[in-house]
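Novice: Sequence isn't available, so here's the structure alone:
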């Protein structure tokens, strides 16, 4: 009998990938054992599960930096995720690491992000006694919240990469480490692009020393940063010290020019106020949430359930809920 396609793919990995890569055939597996797919490796299967999930589709209506932009070309959390995936896959391929695992982690890394970007995350973090961090929520989404409480049952490598993509302990796979650095490369460059589109800044506002070091355009900066990572990574995924210092300087510039700019962030206080009111309402009216969150309240506590419900809302759904709860309905003639 001919070997199934998955086994052939696993054999191909052994001949193509470097010895530091994470091989699908050696995965630590899933929390709940299940039969292997005949066609896809475990990491390919994880990628597909994430793409077909409801939380992935909701990312198209979640803020990246600019809240509710009217233009079609501003990034959303979904387009950010796709850009991270593209950059991460490029690095993985060049280093002969597992591109399927890299892509799965990239596509899932922001599934737990709140409506209204980091403003929403800060709001929930201040409201919930246990705090709220989007990278932990992303893991919670794939482990418990998706598929009516059954989760996606992803491999340990993917869940670890999602958890470690932004702060704290590094992922134990090189593929997971790629996501942390690809996320930085993606957001700093597309945030500049969006800020220029919004008229908040121009390219020439970036200090000349940084443009000479990193690149004079978005494409040059991304290419130079990616090349720097490829040339300086071995046992760990790293930028060179000079490149990372310049990245931090560029981030400091963006913090003052964009991330705290009243033009960009002027509406955030309204968004935060909206989420705080929704939270305060549902913490007193648990029984009015959808049934799946009522069940979470019984098992994991009321604060956790309300946070789960709000974090899953999109920028378009949260105002609808707010209006239903707090804006009077008027009689029609």
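Specialist: Received, thanks. This one's a predicted model, so the numbers in the text were calculated from it and none came from an experiment. Numbers count the residues shown, from 1 in each chain.
Novice: From residue 284, how far out is residue 18?
Specialist: 55 Å (C-beta to C-beta, to the nearest Å). All C-beta spots, glycine's among them, are computed from the backbone N, C-alpha and C.
Novice: Quick check: residue 275 touching residue 116?
Specialist: Yes - the pair residue 275 / residue 116 is scored as a contact, 7.1 Å apart, by C-beta atoms under 8 Å.
Novice: Now do the shared contacts for the two.
Specialist: Here residue 275 and residue 116 have 123, 318 as joint contacts, going by C-beta atoms under 8 Å, 6 or more residues apart in numbering.
Novice: Number of residues surrounding residue 284?
Specialist: 10 (other C-beta atoms under 10 Å).
Novice: Could you check how far it is from residue 90?
Specialist: Residue 284 is 49 Å from residue 90, by C-beta to C-beta.
Novice: chain center to stretch 225-244: distance?
Specialist: Averaged C-alpha coordinates place stretch 225-244 at 22 Å from its chain's average position (C-alpha atoms, centre = their mean, to the nearest Å).
Novice: which parts of that stretch are buried?
Specialist: 225, 226, 228, 229, 232, 233, 237, 238, 239, 243, 244 (16 or more other C-beta atoms under 10 Å).
Novice: Tell me the one of these nearest residue 261?
Specialist: residue 225 (23.6 Å; C-beta to C-beta).
Novice: hang on, the earlier thing: would TSV of the buried residues of stretch 225-244 with pLDDT, secondary structure and distance to residue 38 be doable?
Specialist: Below are those laid out as TSV (pLDDT from 0 to 100; DSSP: H, G, I helix; E, B strand; the rest coil; distance: C-beta to C-beta, whole Å):
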residue	pLDDT	secondary structure	distance to residue 38
225	98	helix	39
226	98	helix	35
228	98	helix	40
229	98	helix	35
232	98	helix	40
233	97	coil	34
237	98	coil	33
238	97	coil	38
239	98	coil	40
243	98	helix	43
244	97	helix	43
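Novice: Does residue 286 touch residue 302 like I think?
Specialist: Yes - counting by C-beta under 8 Å, residue 286 does reach residue 302; the two are 5.4 Å apart.
Novice: C-terminal to the lowest-mean-pLDDT helix or strand in the chain, what's the next element?
Specialist: Every helix and strand in the chain was compared by mean pLDDT, DSSP states H and E; the lowest is helix 262-265, with a mean of 75. Later in the chain than helix 262-265, the nearest helix or strand by DSSP states H and E is helix 268-284.
Novice: Show residues contacting whichever helix or strand comes after that next one.
Specialist: Counting by DSSP H and E, the next helix or strand C-terminal to helix 268-284 is helix 291-300. Outside helix 291-300, the residues within contact range by C-beta under 8 Å, 6+ apart are 148, 149, 286, 287, 289, 304, 305, 306, 308, 309.
Novice: ok now do the second one, which residues does it touch?
Specialist: Residue 149 makes contact with 292, 295, 296 under the criterion C-beta under 8 Å, 6+ apart.
Novice: ok, 6 Å please
Specialist: If a contact means C-beta atoms under 6 Å, 6 or more residues apart in numbering, then residue 149 has no contacts.
Novice: now residue 100
Specialist: 43, 44.
Novice: now it: how far from residue 42?
Specialist: From residue 100 to residue 42 the distance is 9 Å (C-beta to C-beta).
Novice: Next: residue 158.
Specialist: From residue 158 to residue 42 the distance is 9 Å (C-beta to C-beta).
Novice: Comparing the two, which residue is more hemmed in?
Specialist: Higher neighbour count among residue 158 and residue 42: residue 158, with 34 against 24, using other C-beta under 10 Å.
Novice: what helix or strand is the more buried one on?
Specialist: Applying DSSP H and E, one finds residue 158 within helix 156-163.
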